[in-house]
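Novice: Have a look; sequence and predicted model below, questions after that.
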Amino acid sequence: MLIIFLLLIIKVQDNGIKGTSLLNFINFVLLLNFVFGFLFNQTGDLFNGMYHTNNVLALEKNILNFGTLIISLQAFDWLKNHRHLIEFYVLLLCTLLGMFYMISSNNLLMFYLGLELSSIPLAALVNIDTEKKKSSEAAAKMILSSAFASGIMLFGISMLYGVTGTLNFNEMAPMLNAGSHLQILSFIFVFAGFAFKLSAVPFHLWTADVYEGAPVSVTAYLSVISKASIVFIFTTVMFSLFQKFAGMWYNMLFLTIAITITIGNLFAIRQNNIKRFLAFSSIAQVGYILLGLSSGTGMGASSSIYFLIIYTFSNLGAFGVVSMVSAHTGKENISDYKGFYTNNKMAGWVLAISLFSLAGIPPTAGFFGKMFLVSAGAAKGNYILVTIAVLNMVASLYYYLRVVKAIFIDQNDTPIVKIQSSNSLRIALAVCMIGIVCTGFTTGLFEYINSMIGK
């Protein structure tokens, strides 16, 4: 919040600060924000129990802080001459603030306010390039679809309040027992709202169009930060508020996971625009995350948080290269990447390793992340679902390796010229590569998360 006020003051003063200097300052402040996120954390409640925090929630927020910092570094070349630079960061940080409120909510009213604060500025971010018609169309689709999904969720929340007389999670949970038809209907509405925000099938229809129309850095934010925040609060709501509905929401998750992974993979195969390709890839990845959560255990929650860290490194590594190419050449099709390795060897390897991790190919961290998710999902003994997930992992190799083939093997008479990237982008990509390589081999991170969940 302090950073938002600081940026507003800078905007009002308009001292003629150059974009490069301002970006370096903002990235430094975001780095401080990330570092201080690990310090002075306390467990407790505020606002009569509406706002709650503990070590697990602090870790989740810092994952979002870290991802936001990486996206900011990657956006350097695109933003340094952008006329809406400050507005971009004000909107970005407003959505992040809403996500923090949402994650720490212990009350459905606080949760919904955080949800809207994190959603509405995102539509403006999608249309930050106001001169592009495709961005305007994407923003319109997002705000209309988001309003519809929020209305469905709010209807479910209102029914929950009607049957329990409270909005507090701790007071409401004992009153919910899946014995009332109205309770069941309200749960379905709330679940549908979450499914939309997660881009789970069949609530995914907005995703590819919005991802394609938005600037690459905003697409990365939607794919990683926005999705991770919804997973975090979804875990809290399912495991605490609707714990007595476990049998019901497992059956709903079973169907959702199966069709989400399958449809995401099938449609990713057909894409030529690389942002639409990564959109359907992210839809499939949501299915794997839900597979871990379907176990309803602490191991499942730990696996999902661990995988989201890996997913952040992997997806932002891919989006970093895509943003570099888009900012310098405007090219966003997979066919444009034919012969990419010829002039951009390091960037080609970064993109390839990121895709290997998303595919779950060892020894990248993505392999270990999916292994933990599948293991958690198998704890329920539903091997049909696990088999569907594993078969889809094999099928996904085709479309991920199709991009790798374009980079290294396919020939192009006019390949993308050598791109001189900024130091900020190089640092961001280096961090992503270190994360992809090291996270899987160091078991301490997963054990740390699992120990906090178990407390």
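Specialist: Yep, that arrived. Numbering: from 1, shown residues only.
Novice: residues contacting the nearest residue to Leu73 once chain neighbours are set aside?
Specialist: Counting by CB to CB, 6 or more residues apart in numbering, Ala428 is the residue found nearest to Leu73 once chain neighbours are left out, at 3.8 Å. For every residue, glycine as well, the C-beta is placed using N, CA and C. Shown in contact with Ala428 (CB atoms under 8 Å, 6 or more residues apart in numbering): Ile70, Leu73, Gln74, Leu316, Gly320.
Novice: Find the helix or strand that Ala428 is a member of.
Specialist: helix 423-441 (DSSP states H and E).
Novice: Quick one: distance of that helix to the chain centre.
Specialist: Computed by CA atoms, centre = their mean, to the nearest Å, the chain-centroid distance of helix 423-441 equals 18 Å.
Novice: Now that helix: average pLDDT?
Specialist: Per-region confidence: helix 423-441 scores 88 on mean pLDDT.
Novice: which residues sit against the helix or strand following that helix?
Specialist: Later in the chain than helix 423-441, the nearest helix or strand by DSSP H and E is helix 444-453. The contact list for helix 444-453, computed with CB under 8 Å, 6+ apart, reads 55-56, 59, 298-299, 301-303, 305-306, 309, 372, 439.
Novice: Dump those to a markdown table, plus secondary structure, neighbour count and distance to Tyr341.
Specialist: Output for those, formatted as a markdown table (DSSP: H, G, I helix; E, B strand; the rest coil; neighbours: other CB atoms under 10 Å; distance: CB to CB, whole Å):
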| residue | secondary structure | neighbour count | distance to Tyr341 |
| --- | --- | --- | --- |
| Asn55 | helix | 14 | 43 |
| Val56 | helix | 20 | 41 |
| Leu59 | helix | 19 | 37 |
| Gly298 | helix | 17 | 43 |
| Met299 | helix | 17 | 40 |
| Ala301 | helix | 25 | 39 |
| Ser302 | helix | 23 | 37 |
| Ser303 | helix | 31 | 34 |
| Ile305 | helix | 25 | 34 |
| Tyr306 | helix | 24 | 31 |
| Ile309 | helix | 21 | 28 |
| Phe372 | helix | 21 | 32 |
| Thr439 | helix | 23 | 25 |
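Novice: Columns distance to Leu97 on top of the residues you listed, output as a markdown table?
Specialist: Converted to a markdown table, those look like this (distance: CB to CB, whole Å):
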| residue | distance to Leu97 |
| --- | --- |
| Asn55 | 20 |
| Val56 | 19 |
| Leu59 | 18 |
| Gly298 | 28 |
| Met299 | 31 |
| Ala301 | 24 |
| Ser302 | 26 |
| Ser303 | 28 |
| Ile305 | 21 |
| Tyr306 | 25 |
| Ile309 | 21 |
| Phe372 | 31 |
| Thr439 | 27 |
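Novice: Low-confidence ranges, this structure, go.
Specialist: Residue ranges of the chain with pLDDT under 70: 1, 14-18, 178-179, 443, 454-455.
Novice: ok, residues contacting stretch 297-308?
Specialist: Contact with stretch 297-308 is made by 59-60, 63, 228, 231-232, 235, 239, 288-289, 292-294, 369-370, 372-373, 375-377, 379, 445-446, 449-450, 453-454, as judged by CB under 8 Å, 6+ apart.
Novice: That'll do, ta.
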